[in-house]
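Asker: here's a sequence, model it:
(one chain, ligands or ions: 3)
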Amino acid sequence: MADTKVFLLDGGSLVLDGFHVYWNRGPGGEIRFPVYSILIEHAEGRFLIDTGYDYDHVMKVLAFEKPIQTPEQTIPGALKLLGLEPKDIGVVVNSHFHFDHCGGNKYFPHAKKICHAKEVAQACNPEPFEVLGYSDLSFSAEAAEARGKTDQLLPGTTAANSRFEGIDGDVELAKGVHLIYTPGHAIGNYSLLVEFGGRKPILFTIDAAYTEQSLKTLNQASFHIDPVAGVASMRKLKALAEKHGAELMYSHDMENFKTYKTGIQFYG
Ligand code: 5PN
Ligand code: ZN
Ligand code: ZN
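Answerer: Ligands and ions are numbered 1, 2, ... in the order given. Next up, the predicted model:
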């Protein structure tokens, strides 16, 4: 059986204030942070976890986040570095539907799509304080229609080819690839644990903990639906990393990201 490989697709960067990254703690001031997607080459298929942000969407709706994204940092561009095209991806999983995790979904009408069972409904009808987070609706004809934003849909995106299979709780996506239910940041947030034949596991916190500092201090981002659940999810991740002897990797931590393998380098 072929060994599992994990590639990180660099998706560019954004800026937030320190009080958004570190809720009620700060310090304030601009923090530029990375956005990336996770490609898993597995004996059971090619799985893409998240699809980054769409530059034009961010410039139109959240220009204050100052996006920087080269052509190689778009989803098609990052796949091309690996000699791949969107059609080569069989399964797309979204950790949640904040705009910086679903912006490239539009390139995968052919793929099987998976998310938490409550996440599409949340994008269709977000809490008032979640509206900006769930602002890119190009991933789902259903959500775009529910929010009156069908202008965001790429021609060819239909209810049928943007449908999601809903899951709940911890789920083994493929052998040794575990989706870890970590609600709080989003109603249906997932983290990801990947086991390998020849190296220690990697636990991707995704947005349950933006940075190493977030997890260390149990201090989540200011964007969340249930902060108490968010703290419990961070404790769950700490315990899981300990149990598996896993290396922790964070979703939006520039200092750590600079040490991560990207492009043609991989884990596995
Ligand atoms: C990067 C970023 N910026 C704004 C929001 C938001 O309003 O909810 C989630 C989120 C983000 O991840
Ligand atoms: Zn998020
Ligand atoms: Zn995020």
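Asker: what sits closest to residue 86 if chain neighbours are left out?
Answerer: If the residues on either side of it in the chain are set aside, residue 86 comes closest to residue 107, at 4.1 Å by C-beta to C-beta, 6 or more residues apart in numbering. For every residue, glycine as well, the C-beta is placed using N, CA and C.
Asker: tally of neighbours for that neighbour?
Answerer: When counting by other C-beta atoms under 10 Å, one arrives at 21 neighbours for residue 107.
Asker: what segments of the protein are helices?
Answerer: 18-21, 55-61, 75-81, 99-102, 119-124, 141-146, 212-216, 227-244, 254-257 (DSSP state H).
Asker: deepest-packed of those helices, please.
Answerer: By mean neighbour count, with neighbours taken as mean count of other C-beta atoms under 10 Å, helix 99-102 ranks first of these at a mean of 27.
Asker: quick one: is that helix near ligand 1?
Answerer: Yes. Residues of helix 99-102 are located near ligand 1 by C-beta under 6 Å from any ligand atom, namely residue 100.
Asker: isn't residue 173 up against residue 114?
Answerer: Yes. With contacts defined as C-beta atoms under 8 Å, residue 173 counts as touching residue 114 at a distance of 7.5 Å.
Asker: what sits in contact with each of the two?
Answerer: When contacts are counted by C-beta atoms under 8 Å, 6 or more residues apart in numbering, the set common to residue 173 and residue 114 consists of 91, 93.
Asker: nearest to ligand 2, out of the helices of the chain?
Answerer: Proximity to ligand 2 (C-beta to the ion) singles out helix 99-102 among the helices of the chain, at 6.1 Å.
Asker: contact residues of the protein facing ligand 3?
Answerer: 100, 207 (C-beta under 5 Å from the ion).
Asker: how about a cut-off of 8 Å?
Answerer: When proximity is defined by C-beta under 8 Å from the ion, the chain lies next to ligand 3 at 35, 96, 98, 100, 101, 206, 207, 210, 251, 252.
Asker: which one of those is nearest residue 21?
Answerer: Within the residues of the chain next to ligand 3, distances to residue 21 taken as C-beta to C-beta reach their minimum at residue 210, with 5.7 Å.
Asker: in strands only, show me the residues of the chain next to ligand 3.
Answerer: Secondary structure from DSSP state E places residue 35 of the residues of the chain next to ligand 3 in strands.
Asker: I'd like the residues of the chain next to ligand 3 as TSV, with distance to residue 87 and pLDDT appended.
Answerer: Converted to TSV, the residues of the chain next to ligand 3 look like this (distance: C-beta to C-beta, whole Å; pLDDT from 0 to 100):
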residue	distance to residue 87	pLDDT
35	23	99
96	25	99
98	26	99
100	24	99
101	21	99
206	25	98
207	28	98
210	32	99
251	26	98
252	29	99
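Asker: distance of the residue of the stretch 1-150 of the chain found nearest ligand 2 from residue 90?
Answerer: With C-beta to the ion as the measure, the residue in the stretch 1-150 of the chain that lies nearest ligand 2 is residue 98; the distance is 3.4 Å. Distance from residue 98 to residue 90, counting by C-beta to C-beta, to the nearest Å: 24 Å.
Asker: tell me the contacts of the closest residue to ligand 1 within the stretch 151-268 of the chain?
Answerer: Closest approach of the stretch 151-268 of the chain to ligand 1 (C-beta to the nearest ligand atom) occurs at residue 223, with a separation of 3.5 Å. For residue 223, the set of contacting residues under the criterion of C-beta under 8 Å, 6+ apart consists of 20, 98, 130, 133, 185, 207.
Asker: for it, phi and psi?
Answerer: Main-chain torsions, residue 223, degrees, to the nearest 10: phi -90, psi 110.
Asker: what's the nearest residue to residue 35 if we skip its chain neighbours?
Answerer: Of all residues not flanking residue 35 in the chain, residue 11 sits nearest, at 4.2 Å (C-beta to C-beta, 6+ apart).
Asker: residue contacts, the one you found?
Answerer: Applying C-beta under 8 Å, 6+ apart, one finds that residue 11 lies in contact with 34-37, 52-53, 69, 73-75, 78, 100, 104.
Asker: so the residue nearest to residue 86 is in contact with residue 76, correct?
Answerer: Yes. Between residue 107 and residue 76 there is a contact at 6.0 Å, judged by C-beta under 8 Å.
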